[in-house]
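> This is the structure alone, sequence omitted:
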């Protein structure tokens, strides 16, 4: 249980929870008992009740001991923190303990076929019908929707207001009548994203998180949780342990301590330095805050730099490892085959293309830096919606 | 110790900023250039900088210094870079001072370092023999004779060599032209017989010289460090100078970048501010990310140098490589985004472009340092 977790071994929780081994279940149960799945949540909602300092120490210790995350899912990362911050007492009591105990798995209904980077342009509608809403529309990239139990979903409740002011943040059960999720196959061959369809789905109005038509505030906060989660995931991701350097030593080889095909030395050095610069930026931010001269703006570069450098890294490995990094199927036991790690490498390369798109594209990140950090003026030609 | 400047270093940085903004703006460099100043920097400004302590900033108190450490000097260099201050601080203090500190005997340290700290002595390092930085390819010969050593050879890119009182000449006493072993360092008086110094003018309007040594006789006491063992202390001193130069260049990059952002907020075309165009916004935002990464690598290398980590040389190369590359990006973009006015001599952005290219080259450009990083990391 102290070896790096594989994709199959990750515990996603929910009504259809699966464990790869009895040890995994035992570790999960023990963590749930102590509230360790959500160490910083209050005890009454299933957390361990740790303060910020205790949580940091707890996470450091868990990492130092190579402990696996007892469960990974959008409830812990996003839905839970949002409910903690914006929920009524009733909502907190209903949802948070189930998330903490891994009983309910959440998915995110944000993007739509016509609303990607322009998320606030979403058209999925919620029409009022007494104490309920009737939901009609569809959502894209709902990760794990076909295996999830509940969704937190952005719906339009006012079609006349400027587009940011007519959105409501709604929670509902994926088992409701009229919900259908169809997996989308990605270039990696994986199918964990879905397109989700809502056909006259009835949802009680008490399931609004926050205030009707003011869901954008909650949505933005959740996007922040998502970006933090993505940079966390970056460091703990399930990936082939191949680096450009290790790949070059394997496929090119050293002669007198130098790569036999030296043209790659500069590319590898550049990549390693860029990666170090990113890691050290996080440490520098912490050190600057400790010195009282911190700057939150610096955090805006992390997602852009991390995901773009990751793409460059895999492109470099492809150039170094040639055919062995392009294998799609086969096995290591035949002469024309590929090892599991090599097959994973091909997937990781393709997967890296998704990371600079999901959770705010690189272009959106640059927009944020340009406006929020550099204070460059707004382009008035951009659609704000409304009538 | 951390990746942030502490209070003492920040206060030194503030002092540097206030001093150069008030006394040595970019305009001062233009005046030195246009008046074809023989010295190439202001002796008056330099003596004020000595007063404020920059002459002995990295030397121990025993040698007349203030023991602020490399971080303190680098913090100041960043501010010097913002106004392109021409001064001998890099050549005399960071570079030659470090060579003497690393390799000199007690007498040399006492005499030379305290004179440098007091502003009474300028010392330049005569190292390069080719068009690019190459600290091991040394063919300048020093041969033993009855009176000491006789030196013959040619040197180029000697920073402030035309005004130096003394030169530290990097010579070969044994081995092949690119061996690390067999390099020896000698202190040579600028007035020595057989020494010819010619000032060279580079695009950055700063100060360099070419030097010819024809049978220059020096005594045994002119040797700094051990015969044949000069490379190690030299390379350590080069790392101090490389990171100080990186800090200076980083200051210049930030200044050029900030001036460009301001321009995007005031220049109008097609009836709108050009800063509203996404094509320009993204280029500006990308530069911001590169600058932040440079800062992290600069602090990382300074931290490693000050705590004496084994990895320090590789991290200095990492910083110099990345900052040199970013300097090229930012100064090119600064000129381009300013449009026509950016290519006029009257406008100051061109000074940043010109200084950046020379500073990129000095003490190793990105190619040199990526290669050095790879060698140090054994691949």
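Received it, and whenever you're ready, just let me know what you need. All figures in this text were calculated on a predicted structure; none of them were measured in a lab.

> Longest helix of the chain, counting residues only.
Reading this off chain A. Taking DSSP state H as the assignment, the helix of chain A that covers the most residues is helix A:263-290.

> think we crossed wires, I meant chain B
Among the elements of type helix in chain B, defined by DSSP H, the one spanning the most residues is helix B:231-264.

> List the buried residues for that helix?
Using 16 or more other CB atoms under 10 Å in any protein chain shown as the burial criterion, the residues of helix B:231-264 that qualify are B:231, B:233-257, B:259-261, B:263-264. In short, each C-beta sits where N, CA and C put it, glycine included.

> Check stretch B:166-181 too.
Judged by neighbour count using 16+ other CB under 10 Å, the buried positions of stretch B:166-181 are B:166-173, B:180.

> out of those residues, who's nearest chain A?
The shortest separation between chain A and any of those is 14.4 Å, and it belongs to residue B:180 (by CB to the nearest CB).

> For that closest one, which non-adjacent residue is spatially closest?
Using CB to CB, 6 or more residues apart in numbering or on different chains and skipping the chain neighbours, the partner closest in space to residue B:180 is residue B:231 (4.3 Å).

> name the helices or strands packed onto the strand or helix carrying residue A:346?
With elements delineated by DSSP states H and E, residue A:346 resides in helix A:340-355, which encompasses its position. For helix A:340-355, the helices and strands in contact under the criterion 3 or more CB pairs under 8 Å, 6 or more residues apart in numbering or on different chains; DSSP states H and E are helix A:302-321.

> Is residue B:45 in a helix, a strand, or coil?
When classified by DSSP: H, G, I helix; E, B strand; the rest coil, residue B:45 comes out as helix.

> is chain B contacted by the lowest-mean-pLDDT helix or strand in chain A?
Scoring the helices and strands of chain A by mean pLDDT, DSSP states H and E places helix A:215-236 at the bottom, with a mean of 80. No. No part of helix A:215-236 sits close enough to chain B to count as contact by CB under 8 Å from any CB of the partner chain; the gap is at least 14.1 Å.

> So which other helices or strands are in contact with that helix?
Contacts defined by 3+ CB pairs under 8 Å, 6+ apart place helix A:215-236 against helix A:80-86, strand A:150-156, strand A:167-173, helix A:302-321.

> so after the third one, what's the next helix or strand?
So the one you mean is strand A:167-173. Next along the chain after strand A:167-173, with elements defined by DSSP H and E, is strand A:179-184.

> Point out the other elements, helices or strands, that the next helix or strand after that next one touches.
Heading C-terminal from strand A:179-184, the first helix or strand you meet, by DSSP H and E, is strand A:193-204. Identification of packing neighbours for strand A:193-204 by 3+ CB pairs under 8 Å, 6+ apart yields strand A:132-139, strand A:167-173, strand A:179-184.

> if you set the cut-off to 10 Å instead, what comes out?
Other elements packing on strand A:193-204 under the criterion 3 or more CB pairs under 10 Å, 6 or more residues apart in numbering or on different chains; DSSP states H and E are strand A:106-109, strand A:125-129, strand A:132-139, strand A:150-156, strand A:167-173, strand A:179-184.

> Please produce CSV containing those, extended by distance to chain B.
Written out in CSV, the entries for the helices and strands packed on strand A:193-204 read as follows (distance: least, CB to the nearest CB, whole Å):
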stretch, distance to chain B
strand A:106-109, 26
strand A:125-129, 30
strand A:132-139, 27
strand A:150-156, 25
strand A:167-173, 24
strand A:179-184, 29
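
> is it possible to export those strands to JSON lines including mean pLDDT?
As requested, those are exported to JSON lines (pLDDT from 0 to 100):
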{"stretch": "strand A:106-109", "mean pLDDT": "96"}
{"stretch": "strand A:125-129", "mean pLDDT": "97"}
{"stretch": "strand A:132-139", "mean pLDDT": "98"}
{"stretch": "strand A:150-156", "mean pLDDT": "97"}
{"stretch": "strand A:167-173", "mean pLDDT": "97"}
{"stretch": "strand A:179-184", "mean pLDDT": "96"}
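
> Those: which one's closest to residue B:149?
strand A:106-109 (75.2 Å; CB to CB).

> Which positions within the closest one qualify as buried?
Buried residues in strand A:106-109, defined by neighbour count with 16+ other CB under 10 Å: A:106-109.

> Mind listing the strands that strand pairs with, and their directions?
According to DSSP bridges, strand A:106-109 forms sheet pairs with strand A:150-156 (parallel).

> relative to helix A:215-236, how tilted is the partner strand?
Regarding strand A:150-156 and helix A:215-236, their directions subtend 130 degrees when assessed with axes from the mean of the first three to the mean of the last three CA atoms, to 10 degrees.

> residues in contact with residue B:315?
Going by CB atoms under 10 Å, 6 or more residues apart in numbering or on different chains, residue B:315 touches A:273, A:276, A:280, B:239, B:243, B:297-298, B:300-305, B:309, B:373, B:376.

> Just the closest of the residues you listed to residue A:291, please.
Taking CB to CB as the measure, residue A:291 sits nearest to residue B:303 out of the contacts of residue B:315, at 13.1 Å.

> pLDDT weak spots in the chain?
Let's take chain A. The model of chain A has pLDDT under 70 over residues A:231-240, A:331-336, A:381, A:384-387.

> wrong one, I was asking about chain B
Judged against pLDDT under 70, the low-scoring parts of chain B cover residues B:1.

> again, 90 this time
Counting by pLDDT under 90, chain B shows low-confidence ranges at B:1, B:177-178.

> what residue lies at the spatial centre of it?
In chain B, the residue lying closest to the centroid (CA atoms, centre = their mean) is residue B:245, at 3.8 Å.

> I'd guessed that residue sits against residue B:363; true?
Yes. Here residue B:245 lies in contact with residue B:363, judged by CB atoms under 10 Å, at a distance of 5.7 Å.

> what do those two both touch?
If you check residue B:245 and residue B:363 against CB under 10 Å, 6+ apart, the residues they both contact are B:90, B:94-95, B:159, B:238, B:320, B:324.

> out of those residues, who has the most neighbours?
For these, neighbours were counted by other CB atoms under 10 Å in any protein chain shown; the highest total belongs to residue B:320, with 32 neighbours.

> how about residue B:248, what does it touch?
Applying CB under 10 Å, 6+ apart to residue B:248 gives the contacts B:74, B:76-82, B:84-85, B:89-90, B:94, B:323, B:355, B:359, B:362.

> any idea how far residue A:120 is from the residue nearest to residue A:225 when sequence neighbours are not counted?
Taking CB to CB, 6+ apart as the measure, residue A:225 lies nearest to residue A:78, with 4.8 Å between them; neighbours along the chain are not counted. Counting by CB to CB, to the nearest Å, the separation of residue A:78 from residue A:120 is 18 Å.

> out of those two, which sits in the busier spot?
The neighbour comparison of residue A:78 against residue A:120 (other CB under 10 Å) goes to residue A:78, with 22 against 19.

> A helix includes the more buried one, no?
Yes. Counting by three-state DSSP, residue A:78 is found in a helix.

> what's the domain layout of chain A?
Segmentation of chain A into domains, based on automatic domain parsing, reads A:22-100, A:106-213, A:239-356.

> Switch these over to a markdown table; also include distance to residue B:129.
Shown next, in a markdown table, are those (distance: least, CB to CB, whole Å):
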| stretch | distance to residue B:129 |
| --- | --- |
| domain A:22-100 | 51 |
| domain A:106-213 | 53 |
| domain A:239-356 | 24 |
